[in-house]
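> Sequence first, then the predicted structure, then my questions.
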Amino acid sequence: MSEQAPAKRLYIKTYGCQMNVYDSERMADVLAPLGYGMTDDPAGADLVVLNTCHIREKATEKVYSELGKLREMRDERLADGGSRMTIAVAGCVAQAEGEEIMRRQPAVDLVVGPQSYHQLPELIARTHRARGERLAADFAADEKFDALPADRRPTGVSAFLTVQEGCDKFCTFCVVPYTRGAEWSRPAEAIEAEARALASKGVREVTLLGQNVNAYAGEGGLAALVRRLARIEGLDRIRYTTSHPRDMDDALIAAHGEVEALMPYLHLPVQAGSDKVLKAMNRAHTAESYLRVIEKVRASRPDIAISGDFIVGFPGERDADFEATLQLVREVDYASCFSFKYSRRPGTPAAALPGQVAEEVKDARLARLNALLDEQRLAFNRAQAGKTLDVLFEKAGRHPGQLVGKSPYLQAVFVTAPDRMLGQIVPVTVESGAQNSLAGVLAPVVEMESA
């Protein structure tokens, strides 16, 4: 009997958002039938995929820098008589840059946009035959999901699940409408089937993903979808991200108070506290309307943790505008947040706006904002001390006998616990809260059962 040929090695580097994490997992699923197994070492990979993000500052430059390193790895391997490395660029930079990537870095074998990675097997075959097109960057989202294999290979007890893609909001700072296309929602039946398959493989928690996930346009909207998924046996926790204040309807707000599986955590970006800046951003909400949404959510679920996004230094932002942002932060009292300096994205309307803010001013404002947000996050975490929270244990900790889990509020929780509790949801008494995590012990009833 002849020996089985070794599996081909696949390395995927993921940049950016949770949706890119999901897309990378699905790329691995698409390529598995071709014999590709994952590796953590790009130098030894047969296929390297850079799954790119176009949101953050200098995103494109980082991709080209990485491509230069990969070209050197490939050339060295070929010089040593090794096999050829295939290099692919996927994701939003691929969509935005397209042919420019092929022109600037000839080492790239193929470019595939975020709605076309289901074509990877065909594109790789064409590349290996050294003929045919190498660029696939359309927006056929329905075709992509229809073509993806039904069999996913989750790597843990939590998984991402894309339900909606694209954006029709056209915020003036954002490239997503140009790289991900118009808003499009998957059929609820397909989402439920994928969620049931994940639950059958031990997944206890899913995070529903979308560029505007609460704009999900299936029957009954996101609230109805959450209620539908909550009925799946074994699927104990549901989260969703990222939301837009415009799409936070009463049905979804009510679900937060009525659906036990829907975790008490809401990521609802506001971006700024100044109505003048919000109008320039084309956010289509005001600071006051945002605060009223938060008020309604907290009335429905009083213990909910609120998270958000902020951009400082948007063109035209003056000191008074920034002070309005700080005031909004104080009124909301966030559990966690993401904050960034505004950076010009080529092709977006904001890039051409007058009143671009100096970098040193952006730096100073970001430092002040982060100091306030860090203070609120630490206070929220410390306020959990003495409470008993249900923790989903996901992996081993850094210390012997330690497990790391996730609280309902998305905090990392470190506990001394036996390995057999991995994948279980267990009551934990919180002893202390730090800036980025909680520490606790198994609740007394659990300690007695595990003794």
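It's in.

> pretty sure Leu422 is touching Lys395, no?
Yes: using CB atoms under 8 Å, Leu422 and Lys395 qualify as a contacting pair, with a distance of 7.2 Å. All C-beta atoms are positioned from the backbone trio N, CA, C, and that covers glycine.

> how many neighbours does Gly308 have?
24 (other CB atoms under 10 Å).

> More neighbours: Leu422 and Lys395, which one.
Each of Leu422 and Lys395 had its neighbours counted (other CB under 10 Å), and the higher figure belongs to Leu422 (17 against 12).

> Using the three-state scheme, assign the nearest residue to that one once chain neighbours are set aside.
Using CB to CB, 6 or more residues apart in numbering and skipping residues adjacent in sequence, the residue nearest Leu422 is Phe393, 5.2 Å away. Here Phe393 takes the strand state, with states given by DSSP: H, G, I helix; E, B strand; the rest coil.

> And for Phe340?
Secondary structure assignment for Phe340 (three-state DSSP): strand.

> hey, what's it bridged with?
As for beta bridges, Phe340 partners with Ile311 under DSSP bridges.

> Span of stretch 169-189 from start to end?
This stretch, stretch 169-189, spans 26 Å end to end (CA to CA, to the nearest Å).

> nope, stretch 375-389 is what I was after
Taking CA to CA, the span from the opening residue of stretch 375-389 to its closing residue is 22 Å.

> What are the buried residues along it?
Gln376, Arg377, Phe380, Asn381, Gln384, Leu389 (16 or more other CB atoms under 10 Å).

> Equivalent analysis for stretch 401-420, please.
Applying a neighbour-count criterion of 16+ other CB under 10 Å, the buried positions in stretch 401-420 are 403-415, 417.

> Including pLDDT and distance to Ala182, could those go into JSON lines?
Formatted as JSON lines, the buried residues of stretch 401-420 follow (pLDDT from 0 to 100; distance: CB to CB, whole Å):
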{"residue": "Leu403", "pLDDT": "97", "distance to Ala182": "43"}
{"residue": "Val404", "pLDDT": "97", "distance to Ala182": "39"}
{"residue": "Gly405", "pLDDT": "97", "distance to Ala182": "38"}
{"residue": "Lys406", "pLDDT": "97", "distance to Ala182": "33"}
{"residue": "Ser407", "pLDDT": "98", "distance to Ala182": "36"}
{"residue": "Pro408", "pLDDT": "98", "distance to Ala182": "34"}
{"residue": "Tyr409", "pLDDT": "97", "distance to Ala182": "33"}
{"residue": "Leu410", "pLDDT": "96", "distance to Ala182": "30"}
{"residue": "Gln411", "pLDDT": "96", "distance to Ala182": "35"}
{"residue": "Ala412", "pLDDT": "96", "distance to Ala182": "36"}
{"residue": "Val413", "pLDDT": "98", "distance to Ala182": "39"}
{"residue": "Phe414", "pLDDT": "97", "distance to Ala182": "43"}
{"residue": "Val415", "pLDDT": "97", "distance to Ala182": "45"}
{"residue": "Ala417", "pLDDT": "96", "distance to Ala182": "46"}
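
> Overlap in contacts, Leu422 and Lys395.
Taking CB atoms under 8 Å, 6 or more residues apart in numbering as the criterion, Leu422 and Lys395 both touch Leu403.

> Give me the phi and psi angles of Lys13.
For Lys13, the backbone dihedrals (degrees, to the nearest 10) come out as phi -110, psi 120.

> now Leu47
Geometry field for Leu47 lists phi and psi as phi -140, psi 130, criterion degrees, to the nearest 10.

> do the same with Val428
Recorded main-chain torsions at Val428 are phi -130, psi 130, according to degrees, to the nearest 10.

> How about the one 5 residues further on?
Torsion angles at Gly433 (phi, psi; degrees, to the nearest 10) stand at phi -120, psi 130.

> before we move on, what about Tyr342?
Taking degrees, to the nearest 10, you get phi -60, psi 140 for the backbone angles of Tyr342.

> surely it meets Phe322?
No: no contact is recorded between Tyr342 and Phe322 when judged using CB under 8 Å, the distance being 11.6 Å.

> shared neighbours, those two?
Both Tyr342 and Phe322 are in contact with Val312, where contact means CB under 8 Å, 6+ apart.

> picking up where we left off before, any chance of a markdown table for the buried residues of stretch 401-420, columns secondary structure?
What follows is those, written out as a markdown table (three-state DSSP):
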| residue | secondary structure |
| --- | --- |
| Leu403 | strand |
| Val404 | strand |
| Gly405 | strand |
| Lys406 | strand |
| Ser407 | coil |
| Pro408 | coil |
| Tyr409 | coil |
| Leu410 | coil |
| Gln411 | coil |
| Ala412 | strand |
| Val413 | strand |
| Phe414 | strand |
| Val415 | strand |
| Ala417 | coil |
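
> how deep is the residue nearest to Leu422 tucked in, by neighbour count?
Under the neighbour criterion other CB under 10 Å, Phe393 is assigned a count of 25.

> Quick one: residues contacting it.
Phe393 sits next to Val157, Leu403, Val404, Gly405, Val415, Ala417, Met421, Leu422, Gly423, Gln424, Ile425, Val426 when contact means CB under 8 Å, 6+ apart.

> switch the cut-off to 10 Å
With contacts taken as CB atoms under 10 Å, 6 or more residues apart in numbering, Phe393 has the following neighbours: 157, 204, 403-406, 413, 415, 417-426, 428.

> returning to that earlier point: helices - which of the buried residues of stretch 375-389 land there?
Under the assignment DSSP state H, the buried residues of stretch 375-389 contribute Gln376, Arg377, Phe380, Asn381 to helices.

> how about low-confidence regions in the stretch 101-250 of the chain?
126, 128-151, 178-180 (pLDDT under 70).

> which stretch of helix or strand covers the closest residue to Ala45 other than its chain neighbours?
The shortest distance from Ala45 to any residue other than its chain neighbours is 3.8 Å, reached at Tyr11 (CB to CB, 6+ apart). Taking DSSP states H and E as the definition, Tyr11 sits inside strand 8-14.
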